[in-house]
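Student: build the 3D model from these lines:
(one chain, ligands or ions: 1)
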Amino acid sequence: MSRRTPLVAANWKMHKVRQEAKAYCSDLRQRLAGVTGVEVVLFPGPTLLTTVAEGLAGSTIAWGGQDLHPEPQGAHTGDVSAAQLTDVGCSWVLCGHSERRQDHGETSELVGAKAAAARRGGLKPMVCIGETEGEREDGRTFEVLERQLAAALDAEPNPGALAYEPVWAIGTGKTATPELAQEVHEFLRQRLGKLRDPSFAEALRILYGGSVKPGNAGSLIVQEDIDGFLVGGAGLDPEPFSGIINSSCA
Ligand code: PGA
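Tutor: Just a heads-up that it's a prediction; the model follows:
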């Protein structure tokens, strides 16, 4: 079990409308009443942020955006700025989720620029990295991760958290084994120590993401370098999500 406070986040992706978001927030608050020793963050879609802000007001649960534009404002149709996210109470933002990299061609350099814009705008960037199945099969996992990590840190040396999400494990039901995930997390912490400094590396939370469920969270969180989870599918329902949270702070 790591010495860092666990951080567990739900990425709602392009799911839910306001009524569902409202019901989710009140259900999750009831389930988490009295739960301590863990930080919880929700990443709803942009139209749901004000509803979530109202639904979570006065709770310890934080929320954030799923993406942002690197510019502070301007002619960028369909994009959202750091200021617009903080305006609705966001404290976090995801940068470089693999679906953004795949669907929108985001490069590691752009992801770094987004993380820097987030930090400048008062948000904690949760930088997502991960290899594809083909890259793992070709034995390029560590090379790919190193490149993604270095590009992000180059632009923004102070990410709020790092999320390791092997692309082959996202939404597929194929979770990385605890040993495989630990091997990567340990590698990332070592690289963070070299690229930044050892005390920063020791303090930064590195989350695992990819088919996390209540049934596998316990065996992952006991690994030394796994400090929490970024959850997709199982984060859409407060019941499994709170199960994952409970396993993370036990
Ligand atoms: P999943 O998604 O839990 O549904 O695999 C994880 C993510 O994309 O953050």
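Student: which residue, other than its chain neighbours, is closest to the residue of the chain found nearest the ligand?
Tutor: With CB to the nearest ligand atom as the measure, residue 232 is the residue of the chain nearest to the ligand, at 2.2 Å. Every residue, glycine included, has its C-beta placed from N, CA and C. Distances taken as CB to CB, 6 or more residues apart in numbering put residue 11 closest to residue 232, at 5.3 Å, once the chain neighbours are dropped.
Student: beta partners for the one you found?
Tutor: Residue 11 forms beta bridges with residue 43, as assigned by DSSP bridges.
Student: ok, back up a step: tell me, how many residues neighbour the residue of the chain closest to the ligand?
Tutor: 22 (other CB atoms under 10 Å).
Student: so it makes contact with residue 171?
Tutor: Yes - here residue 232 lies in contact with residue 171, judged by CB atoms under 8 Å, at a distance of 6.0 Å.
Student: how about the residues of the chain near the ligand?
Tutor: Contact residues (CB under 6 Å from any ligand atom) of the chain with the ligand: 11, 165, 170-171, 209-212, 230-234.
Student: could I get these as JSON lines with pLDDT and secondary structure?
Tutor: Converted to JSON lines, the residues of the chain next to the ligand look like this (pLDDT from 0 to 100; DSSP: H, G, I helix; E, B strand; the rest coil):
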{"residue": "11", "pLDDT": "98", "secondary structure": "strand"}
{"residue": "165", "pLDDT": "97", "secondary structure": "coil"}
{"residue": "170", "pLDDT": "91", "secondary structure": "coil"}
{"residue": "171", "pLDDT": "89", "secondary structure": "coil"}
{"residue": "209", "pLDDT": "97", "secondary structure": "strand"}
{"residue": "210", "pLDDT": "96", "secondary structure": "coil"}
{"residue": "211", "pLDDT": "94", "secondary structure": "coil"}
{"residue": "212", "pLDDT": "96", "secondary structure": "coil"}
{"residue": "230", "pLDDT": "98", "secondary structure": "strand"}
{"residue": "231", "pLDDT": "98", "secondary structure": "strand"}
{"residue": "232", "pLDDT": "97", "secondary structure": "coil"}
{"residue": "233", "pLDDT": "97", "secondary structure": "helix"}
{"residue": "234", "pLDDT": "98", "secondary structure": "helix"}
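Student: which of the residues you listed sit farthest apart?
Tutor: Farthest-apart pair in the residues of the chain next to the ligand is 165 and 234; separation 13.8 Å (CB to CB).
Student: more neighbours: these two, which one.
Tutor: residue 165 (26 against 20).
Student: thought the more buried one was touching residue 96?
Tutor: No - using CB under 8 Å, residue 165 is not in contact with residue 96; the gap is 9.8 Å.
Student: mutual contacts of the two, please.
Tutor: Taking CB atoms under 8 Å, 6 or more residues apart in numbering as the contact rule, residue 165 and residue 96 both touch 128-129.
Student: what segments of this protein are strands?
Tutor: 7-11, 39-43, 62-65, 92-95, 124-129, 161-164, 206-209, 228-231 (DSSP state E).
Student: redo these as a markdown table? Include distance to residue 145 and mean neighbour count.
Tutor: Shown next, in a markdown table, are the strands of the chain (distance: least, CB to CB, whole Å; neighbours: other CB atoms under 10 Å):
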| stretch | distance to residue 145 | mean neighbour count |
| --- | --- | --- |
| strand 7-11 | 19 | 26 |
| strand 39-43 | 22 | 24 |
| strand 62-65 | 23 | 24 |
| strand 92-95 | 15 | 28 |
| strand 124-129 | 6 | 26 |
| strand 161-164 | 8 | 25 |
| strand 206-209 | 11 | 26 |
| strand 228-231 | 15 | 28 |
